[in-house]
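Could you work out the structure for the sequence below:
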Amino acid sequence: MDLDRLLNPSSLAVVGASAKPGKVGNVILGNLKEGDFRLYPVNPKEKQILGLRCYSDLSSLPEVPDVAILAVSATTSLPITIECVRLGVPFVIVVAGGFAEIGLEGGSIQDLMLAAIRGSGTRLLGPNTMGLLIPKRKLDTLFLPKERSPRPAHGPIALISQSGSVMVGLYELAEDARVGLGACIGIGNKADLNENDFLKYFGKDEDTKCISLYLESFSSGREFAESARKISHRKPIVAAKVGRTPSAQKAASSHTGAIASGTDLMVRGVFRQNGIVQVDDDQELLDISQALSCLDHLEGNRIAIVGSGGGYGVVATDYVTSESNGYGLTLAPLAEGTKERLRKLSPYFASVHNPVDLTGDVTNKMYDEVLEVLQDEHSIDAILLILLFQPPGMTIGMVDVAEKWARDGKKPIVICCTGGGYTRPVLQRLNERGIPAYGSISRSVHALGSLWERGRYLGSFKSAASKDAK
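Now for the predicted structure:
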């Protein structure tokens, strides 16, 4: 199924558009006004809204829109959906709640909507959905004002979320960290279009480097696994599957009408077999997606730690090597020749073992020279670079140094910057330049662990493909 007219439309109608500020139909129309497409407000009580001519109904429009957004109640959505089918509208986005998530009464309305589109050329997103956010196209069907909910810039991650609130929380986290998102898709009750439809679409989309999912249930677990298996060897898939406990499953049912399917143990097994990196919450989903979209995978698990604070090096070593709290990584053993070269570049009291501690006398130049030396160390599969900007020898110019080695160096780099208000803009600049950077040691090492997890999967995939070929 081609979703291009939904995600890249030429024309949209907002049914229930409102002239009253703060109303759902007013906010959606205002957000969409910034996009480059033909936009039609529909409201029989208005002649003009936000400077746009208003139409009394869908049949009065000068063309059949690619997408109709229904900013009306659940009961009103049903006859309008029937009208969309009659007119041949390809895609309908139903914003309202009050469907299967509230029980039998709402479920019956949802069933009637599905019956209306069955066998037609009309597809439905939702109901009970935030809709779409495609930053590159300024396609924004959300009913949240931008001043309260800042949108992220364009980037390589496609987010598919069953929860509208989680989707919003994620893209706000992304915006704050300056991590770009290519798409945010709220599937809501997923009565028709579901995670499998969008997984397949973004699996083929060249601009998407990583697919991220927040799911409370599977529309078809078998189809999901089969699609993931075909995609995951080409691009990373990260998923948070929640509703792992009976109480959480009950909460999911009242939230999106979801029936959580599969035990936690079974889901973890299916994800592992099909190359899906599993995470537990929204912050992890963004962190790991960011790392995988930038670096894809690691070839090995030997990590060199470079920093200027001995304590953070010890903390990082614990996370790298711990059997209980670690991520399947090891410290890279540095050759004596490498350590000798590092001694010539560092203060006499610095540590040139792994972790490398350049002390409070560190400078941008010292980091630059040390990173150059480490490019020739064959035992290193990746570098954890711990940047502390409190020492006087460190400046914002270190961002350029980090970018140079992240872009042109032989070793993948993940960065940790700890600190407060002075450090936060540095993290943002690093992320804007496509370098995975995090505000804590644990998040940075977790990102490295996930890169290695994907590396192992790709290795086993290639091995299995080689055996099949023989």
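
got a list of what the closest residue to residue 438 other than its chain neighbours touches?
Spatially, and ignoring its direct neighbours in sequence, residue 438 is nearest to residue 444 (4.6 Å; C-beta to C-beta, 6 or more residues apart in numbering). (C-beta placed from N, C-alpha, C; glycine too.) For residue 444, the contact set (C-beta atoms under 8 Å, 6 or more residues apart in numbering) comprises 316, 384, 386, 414-416, 438.

do that again at 10 Å, thanks
287, 291, 305, 316, 319, 384-386, 414-418, 436-438 (C-beta atoms under 10 Å, 6 or more residues apart in numbering).

what's the answer for residue 27, then?
Taking C-beta under 10 Å, 6+ apart, we find residue 27 in contact with 18, 21, 71, 140, 142-146, 148.

Show me how to select, in ChimeraX, the buried members of those.
Only the buried members of the contacts of residue 27 end up in this ChimeraX selection, burial being decided by 16 or more other C-beta atoms under 10 Å:
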select :18,71,140,142,143,144
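
Share the number of residues neighbouring the nearest residue to residue 88 once chain neighbours are set aside, please.
Distances taken as C-beta to C-beta, 6+ apart place residue 64 nearest to residue 88, at 5.6 Å, with adjacent residues excluded. Residue 64 is flanked by 15 other residues according to other C-beta atoms under 10 Å.

go on, residue 403?
Here the neighbour count serves as a burial measure; for residue 403 (other C-beta under 10 Å) it reads 17.

I figured it hits residue 434, correct?
Yes. Look at residue 403 against residue 434 with C-beta atoms under 10 Å: they come within range, at 8.3 Å.

Next secondary structure after the helix or strand bottoming out on mean pLDDT in the chain?
When each helix and strand of the chain is scored by mean pLDDT, DSSP states H and E, helix 246-256 comes last, with a mean of 52. Reading on from helix 246-256 to the C-terminus, the next helix or strand found by DSSP states H and E is helix 264-273.

For that next one, list the C-alpha coordinates in CSV.
This file holds the C-alpha atoms of helix 264-273, laid out as CSV (Å, rounded to 0.1, in the frame of the first residue of the first chain):
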residue,chain,number,x,y,z
ASP,A,264,7.5,-10.1,28.1
LEU,A,265,9.8,-13.1,27.7
MET,A,266,8.3,-14.1,24.4
VAL,A,267,8.4,-10.5,23.0
ARG,A,268,12.1,-10.2,23.9
GLY,A,269,12.8,-13.5,22.1
VAL,A,270,11.0,-12.4,19.0
PHE,A,271,12.7,-9.1,19.0
ARG,A,272,16.1,-10.6,19.4
GLN,A,273,15.6,-13.2,16.6
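
what packs against that helix?
Contacting helix 264-273 under the criterion 3 or more C-beta pairs under 10 Å, 6 or more residues apart in numbering; DSSP states H and E are the following elements: helix 221-232, strand 237-241, strand 276-279, helix 441-469.

Quick one, grab the pLDDT at residue 261.
Per-residue confidence for residue 261 comes out at a pLDDT of 57.

scratch that, residue 118 is what I was asking about
Residue 118 is given a pLDDT of 96.

from memory it sits against residue 191, does it?
No. Judged on C-beta under 10 Å, residue 118 makes no contact with residue 191 at a distance of 11.1 Å.

Least confident of the contacts of residue 444?
Across these, no position has a lower pLDDT than residue 418, which has 92.

coming back round to it: for the residue nearest to residue 88, helix, strand, or coil?
When the structure is split into helix, strand and coil by DSSP: H, G, I helix; E, B strand; the rest coil, residue 64 lands in coil.

surely it meets residue 13?
Yes. Using C-beta under 10 Å, residue 64 makes contact with residue 13 at a distance of 9.1 Å.

what is in contact with those two at once?
Once C-beta under 10 Å, 6+ apart is applied, the residues that residue 64 and residue 13 both contact turn out to be 58, 84, 87, 89.
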